[in-house]
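Undergrad: got a predicted model here, sequence first, then my questions.
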Amino acid sequence: KAGVTQTPRYLIKTRGQQVTLSCSPISGHRSVSWYQQTPGQGLQFLFEYFSETQRNKGNFPGRFSGRQFSNSRSEMNVSTLELGDSALYLCASRSDRVKGYTFGSGTRLTVV
Amino acid sequence: GEDVEQSLFLSVREGDSSVINCTYTDSSSTYLYWYKQEPGAGLQLLTYIFSNMDMKQDQRLTVLLNKKDKHLSLRIADTQTGDSAIYFCAETSTPVPNYGGSQGNLIFGKGTKLSVKP
């Protein structure tokens, strides 16, 4: 069974640009969550999607947005990038029955 | 507010047992998790424990939960050099009432870097 797939693995963007990250959950998993990992703040929750609807969101500015498609794949978008947005962005999926979250390898975003 | 605390570093000798400790604040957390992160990788789910359990054992891993003190620990028996990684403890937040269907998000500690010396 394929794991959680995140693309791209690495990205370099310039301040002010926008970026879209993609996450394909494990087949059959309908819940997808996004987390930001930085050395200073650690792992912080961004948002959670289930059945194409945002079910929960963390304390991030409106520049961070996401969506989920009917096949459960999810994208997150960051507009007007700032240097502080440089981080590892992790996606996690979970099935309705199993309580553990399975994480992807992440997308490392560098803003210059 | 919700917070998870862990010590930042632990160093052990190969073959010894490692014990990584964690304290959490949200007494309503239903599940508590341990994740492992190796350099350049995502998070690997090691184990989780339901809040009405005191202990869970899975091969070399033993999780102990003291709900009264809100203390969680992960014991790794016969620690190997391949166990060197960062270990994260996580609790589940209280689901937001206005959002339907959420089980609550994970709240992570800062992680404990385990170094295993041969």
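TA: Ah, there it is. Only a predicted model underlies this, so the values are computations on that prediction, with no experimental measurement involved.
Undergrad: can you list the low-confidence ranges for chain A?
TA: Scanning chain A for pLDDT under 70 picks out A:1, A:98.
Undergrad: chain B contacts on that one?
TA: Residues of chain A found near chain B (CB under 8 Å from any CB of the partner chain) are A:4, A:6, A:31, A:33, A:35, A:42-43, A:45, A:48, A:50-51, A:53-58, A:90, A:92, A:94, A:99-106. Yep, even glycine has a C-beta here, placed from its N, CA and C like the rest.
Undergrad: one more pass at 6 Å, please.
TA: Residues of chain A lying close to chain B by CB under 6 Å from any CB of the partner chain are A:42-43, A:45, A:48, A:50, A:55-56, A:90, A:99-100, A:103-106.
Undergrad: which among those residues end up buried?
TA: Using 16 or more other CB atoms under 10 Å in any protein chain shown as the burial test, the residues of chain A next to chain B include A:Gly42, A:Leu43, A:Phe45, A:Glu48, A:Phe50, A:Arg55, A:Asn56, A:Leu90, A:Phe103, A:Gly104, A:Ser105, A:Gly106 as buried.
Undergrad: and of the residues you listed, the nearest to B:Asp3?
TA: A:Gly42 (11.1 Å; CB to CB).
Undergrad: okay, and the beta partners of the closest one?
TA: Residues in a beta bridge with A:Gly42, per DSSP bridges, are A:Thr38.
Undergrad: B:Lys110 is in contact with that one, correct?
TA: Yes. Contact criterion CB atoms under 6 Å: A:Gly42 and B:Lys110 qualify, at 4.8 Å.
Undergrad: just give me the residue closest to the centre of chain A.
TA: By CA atoms, centre = their mean, chain A has its centre lying nearest to A:Trp34, at 3.5 Å.
Undergrad: can you tell me the element that one falls in?
TA: According to DSSP states H and E, A:Trp34 maps onto strand A:31-38.
Undergrad: and that strand, what's buried?
TA: A:Ser31, A:Val32, A:Ser33, A:Trp34, A:Tyr35, A:Gln36, A:Gln37.
Undergrad: any idea how far the nearest residue to the last one once chain neighbours are set aside lies from B:Ile86?
TA: To tie it back to what came earlier, the one meant is A:Gln37. Closest residue to A:Gln37 apart from its sequence neighbours, by CB to CB, 6 or more residues apart in numbering or on different chains: A:Leu88 at 4.3 Å. With distances taken as CB to CB, to the nearest Å, A:Leu88 is found 12 Å from B:Ile86.
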